[in-house]
Structure formats: structure tokens, C-alpha cells
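In: generate a structure from the sequence data that follows.
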Amino acid sequence: MGPIEGPAGGSPTILNKSCPNVGPPNPASDADLMRDWEGRLETKAVAALESGLDRVEDPYKRGNLGATTLRV
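Out: So this is what the prediction gives:
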């Protein structure tokens, strides 16, 4: 088996068509992803915190989240 061939002896053309996302990273798209990562994570963190504080099934977890949030 060669370095590009699969276990069944597939050619590079077949492997590229069946796995289109495999290849060298695109530096332009990586830079775009890293541009506003803090804003995206902050939005997700606030949504997760609000969801956790609104849970009625686990009052201890809600209390812990509230106390931790107020400490920061």
C-alpha cells in the first residue's frame, strides 16, 4: 500500500472525491475563524449561563451558577 492509497488500494482521485475536506488547511479561512473568537465565545457563554440559571430541575446547580457569576 502506497502513502496515498487506502486499504483497498484506492487511487488518489477516488480518495479526493470521497473525502473532499482532507487536504492542507486554508490560511484565509483559519484567519477568518480566529478574528472574532472572543465575541463568539462570550455569546455562547452567556446563553449557556442563562440556560443553566433557568433550569428548575436542579436548584443546587442554579445556586452555584448564580454565586459563581456574582463572584466574577
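
In: mind listing the helices for this structure?
Out: Assigned by DSSP state H, the helices in the chain fall at 12-18, 27-35, 37-54, 59-71.

In: could you list the low-pLDDT ranges of the protein?
Out: Along the chain, segments meeting pLDDT under 70 span 1-30, 33.

In: re earlier: adding mean neighbour count, write the helices of the chain out as JSON lines.
Out: The C-beta positions use only the backbone N, C-alpha and C, and glycine is treated the same way. JSON lines is the format used below for the helices of the chain (neighbours: other Cβ atoms under 10 Å):
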{"stretch": "helix 12-18", "mean neighbour count": "11"}
{"stretch": "helix 27-35", "mean neighbour count": "9"}
{"stretch": "helix 37-54", "mean neighbour count": "11"}
{"stretch": "helix 59-71", "mean neighbour count": "11"}
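
In: can you list contacts of stretch 43-59?
Out: Stretch 43-59 is contacted from outside by 61-62, 65-66, 69, using Cβ atoms under 8 Å, 6 or more residues apart in numbering.

In: export it to PDB, keeping only CA atoms.
Out: Presented in PDB, the C-alpha positions along stretch 43-59 are these (Å, rounded to 0.1, in the frame of the first residue of the first chain):
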ATOM      1  CA  THR A  43     -22.200  35.000  23.300                       C
ATOM      2  CA  LYS A  44     -22.300  31.200  23.800                       C
ATOM      3  CA  ALA A  45     -21.200  31.500  27.400                       C
ATOM      4  CA  VAL A  46     -23.900  34.000  28.300                       C
ATOM      5  CA  ALA A  47     -26.500  31.800  26.600                       C
ATOM      6  CA  ALA A  48     -25.300  28.700  28.500                       C
ATOM      7  CA  LEU A  49     -25.300  30.600  31.800                       C
ATOM      8  CA  GLU A  50     -28.800  31.900  31.200                       C
ATOM      9  CA  SER A  51     -30.000  28.400  30.300                       C
ATOM     10  CA  GLY A  52     -28.400  27.000  33.500                       C
ATOM     11  CA  LEU A  53     -29.900  29.600  35.700                       C
ATOM     12  CA  ASP A  54     -33.400  29.000  34.200                       C
ATOM     13  CA  ARG A  55     -33.300  25.200  35.000                       C
ATOM     14  CA  VAL A  56     -35.800  24.300  37.600                       C
ATOM     15  CA  GLU A  57     -34.800  20.600  37.900                       C
ATOM     16  CA  ASP A  58     -31.600  21.300  39.800                       C
ATOM     17  CA  PRO A  59     -31.800  24.200  42.300                       C
END
